[in-house]
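Asker: Return atomic coordinates for the entry below.
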Amino acid sequence: MRNTGGACALILAMLMTASCKGGPGSAGLTPQGWTSDVQTKWYTYSQGSRLLPLAWAKALEQADSTALFLDPAHINRLGYIYLAGGKPGDLPIGFTVDDTPDARLSNTAFHWKAGQGAGTSATDKVEPWLGLNCSACHTAELTYQGKVMRVDGGPALSDFQQFLVDLRASLSQTASDPAKFDRFAKRVLAGADDTPANRQMLMTALKTLSAHENALGAINATDLKYGYGRLDAFGHIFSKVAFAAAGPAARPQPSDAPTSYPFLWGIPYEDRIQWNGIAKNLPSVGVNKFDAGALARNSGEVVGVFADLHLTDQPQHGYTSSANIDNLVWFEQQLEALRAPPWPGEAVFGDKGKIDAALAAEGKTLFGTDNTDKSRTTCATCHEVVPSDDQTRKVKVRMSLFLDPDAPGTDPTMACNAFMRKGPAGVLKGTPSLVLVGDPLGAEPPLADLLKTSVAGLLLNQGQKVASVAVASAFGYNRPVPPPVQPSLVPLTPREQMLQTCMATKSDILGYKGRPLNGIWATAPYLHNGSVQNLAELLNPAKRAQVFWVGNREYDPVNLGYVSTENVGSKFDTSLPGNSNKGHDYGTSALTDHQRKALLEYLKTL
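Answerer: The predicted structure follows:
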């Protein structure tokens, strides 16, 4: 059995249960390796993400409403989590405050009132900005009959796409509606700062930010609705880099391959990262050890999640950015202590939480945990078994490629987009692919190469001597020239042509990876694109729901997934492009119902 796994960034984990006010490890459950102090830092530390000024965020109203944008009811409706009892800044989990000085900024280095600092001295205070870090998208919260379990490092049930739609609508309407702008200005320019001159500065800055966000939205635009628990992370990162490089000349690149937010425990110990296995972990280096490959890929992640990035055609000193390298390194270092959440058992689920030891033993045999016959393919062939007391062992993940005889059969769009998408190089045309070394970028290189060059320059600017090595590992792997598109009797759309070419190309990143399944019970929905609602259906391809609802946090301890309730959350239609729930069979169709139950019982023990 292969549940393709991967990771986009970093997250700690501590299981919380019993109530929203419970602390780490409450209700007697085993913590996952982090103290409450580290957990709080993880929720609040900035990675350099800058979405909008903090004062604006707190003053901004929702579109077509006088209710504030950060009103807990609105944020919770979008799937983000406010902690009961509050936290520093009273912001949702993963909503962070950034104070990067102006010297490292470009498009976010504007002011909106007289006397604002630029951070050029210790006493020159800069205005804080609101951004996100990885915990916003990688914090799961499950409920069961009034009990609440928080699994940090699990996939969030947030709707990132709708969050941006709502934000951009709020910014645009605030700039165009005099009454709404008046209320906004009174909150932002309190007291003596509320002058006609400052109001004009504020309006100019507001329109600038709104135009920037709308331009990014146009490049990313897609008719496909992600819904809760999914994001086309590669698409958003690629679009951000394309826009930074080419500005208005950047070609629209629909972010139309959303994937589930992957769970993040075990990342430091796997040799390959991301759903498509595109990135490598490197040996730790330096006095304060860190993984250079991890630093590069996490720098790429923050570029896509609202970092300020300034690309130029003069890269000798790299590219200025708001990326917080120190915090990115710290995050990755802490990740080594992350452990998979243990099955809560009877303490939470009552009789439904009790593990049938005999049935689990049957499942263990079916899974192939102790299989020594390498000619016999089992679940463990691709999903290495990592005992709960030995989660720091190194893991060589198994890639399941589209051209393999045992291809996964799952939707290829995400991997194909990452492999095939190209765009104008803009100011990066002719720049060496690793800034100081490498082949120069052509007029229209792969977007992955634009990202590679951007991250290399970002790290170089902040003094990272390992920039070239780190970036080469994070965005490398086999990328051969795709074969020409073969003529077809049936006219193909550009998307169909891309998929056809992708499926005819042999590459290490045209497929999805299998990974250990520790804590898999807490990571619904399943498959890389979130197209299967629970583990019971994953093991029974003929019974997979073609339409279900995502967004209800109530957990089903029998089928191991969230309860699908009509009109609660977002509708997931597997017939839409990129949403296919096919594939990942590997013999499960031939299992009996008893064997499937045995496998589910065993998966709870991992």
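Asker: Could you say which helix or strand holds Tyr512?
Answerer: Per DSSP states H and E: Tyr512 is located in strand 511-514.
Asker: Check which helices and strands that strand is in contact with.
Answerer: strand 398-401 (3 or more Cβ pairs under 8 Å, 6 or more residues apart in numbering; DSSP states H and E). Backbone N, C-alpha and C define where each C-beta goes, glycine included.
Asker: what separates the strand it packs on from the chain centre, distance-wise?
Answerer: Computed by Cα atoms, centre = their mean, to the nearest Å, the separation of strand 398-401 from the middle of its chain amounts to 21 Å.
Asker: Do a quick rundown of the strands in the stretch 51-200 of the chain.
Answerer: Secondary structure of the stretch 51-200 of the chain by DSSP state E, counting those that start in this stretch: the strands cover 52-53, 95-98, 129-132, 139-144, 147-152.
Asker: Could you say which one of these comes nearest to Gln334?
Answerer: strand 147-152 (11.0 Å; Cβ to Cβ).
Asker: Please save the CA atoms from the closest one in PDB.
Answerer: Taking Å, rounded to 0.1, in the frame of the first residue of the first chain, the C-alpha atoms of strand 147-152 are listed here in PDB:
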ATOM      1  CA  LYS A 147     -13.200  16.400  22.600                       C
ATOM      2  CA  VAL A 148     -10.600  18.300  20.600                       C
ATOM      3  CA  MET A 149      -7.300  16.900  19.400                       C
ATOM      4  CA  ARG A 150      -4.600  19.200  18.000                       C
ATOM      5  CA  VAL A 151      -1.900  17.500  15.900                       C
ATOM      6  CA  ASP A 152       0.800  19.900  15.000                       C
END
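Asker: where does this structure dip in pLDDT?
Answerer: Applying pLDDT under 70 to the chain picks out residues 1-31, 85-89, 122-123, 283-290, 372-375, 464-490.
Asker: residues near the nearest residue to Ala542 once chain neighbours are set aside, how many?
Answerer: Excluding its sequence neighbours, the residue lying closest to Ala542 (Cβ to Cβ, 6 or more residues apart in numbering) is Ser589, at 6.3 Å. When counting by other Cβ atoms under 10 Å, one arrives at 11 neighbours for Ser589.
Asker: that's a helix at Ser589, yeah?
Answerer: Yes. The assignment for Ser589 is a helix, going by DSSP: H, G, I helix; E, B strand; the rest coil.
Asker: Could you measure from it over to Ala169?
Answerer: 45 Å (Cβ to Cβ, to the nearest Å).
Asker: next one: Ala524
Answerer: 30 Å.
Asker: likewise Ile219?
Answerer: 17 Å.
Asker: Show me which of these two is the more surrounded one.
Answerer: More crowded of Ile219 and Ala169, by other Cβ under 10 Å: Ile219, with 22 against 17.
Asker: Can you say which helix or strand has that one in it?
Answerer: Taking DSSP H and E as the definition, Ile219 sits inside helix 196-220.
Asker: That helix packs against which elements?
Answerer: Using 3+ Cβ pairs under 8 Å, 6+ apart: helix 196-220 touches helix 160-176, helix 178-188, helix 233-246.
Asker: Now do the shortest one: everything it contacts.
Answerer: So the one you mean is helix 178-188. For helix 178-188, contacts defined as Cβ atoms under 8 Å, 6 or more residues apart in numbering pick out 55-56, 58-61, 66, 112-113, 173-175, 194, 199, 202-203, 206.
Asker: Can you tell me which helices and strands the host helix or strand of Cys416 packs against?
Answerer: For Cys416, the host element (DSSP H and E) is helix 413-420. Identification of packing neighbours for helix 413-420 by 3+ Cβ pairs under 8 Å, 6+ apart yields helix 233-246, helix 494-503.
Asker: Return the most buried member of those.
Answerer: Comparing the helices and strands packed on helix 413-420 by mean neighbour count (mean count of other Cβ atoms under 10 Å), helix 233-246 comes out on top with a mean of 26.
Asker: and the next element down the chain from that one?
Answerer: strand 259-260.
Asker: mind checking how far Ser49 is from Glu127?
Answerer: On the measure of Cβ to Cβ, Ser49 and Glu127 end up 15 Å apart.
Asker: Looking at these two now, which is surrounded by more residues?
Answerer: Neighbours were counted for Ser49 and for Glu127 using other Cβ under 10 Å; Ser49 has more, 29 against 19.
Asker: which non-adjacent residue is nearest Glu386?
Answerer: One thing to correct before we go on: residue 386 is Val, not Glu. Using Cβ to Cβ, 6+ apart, the closest residue to Val386 is Pro516 (4.4 Å).
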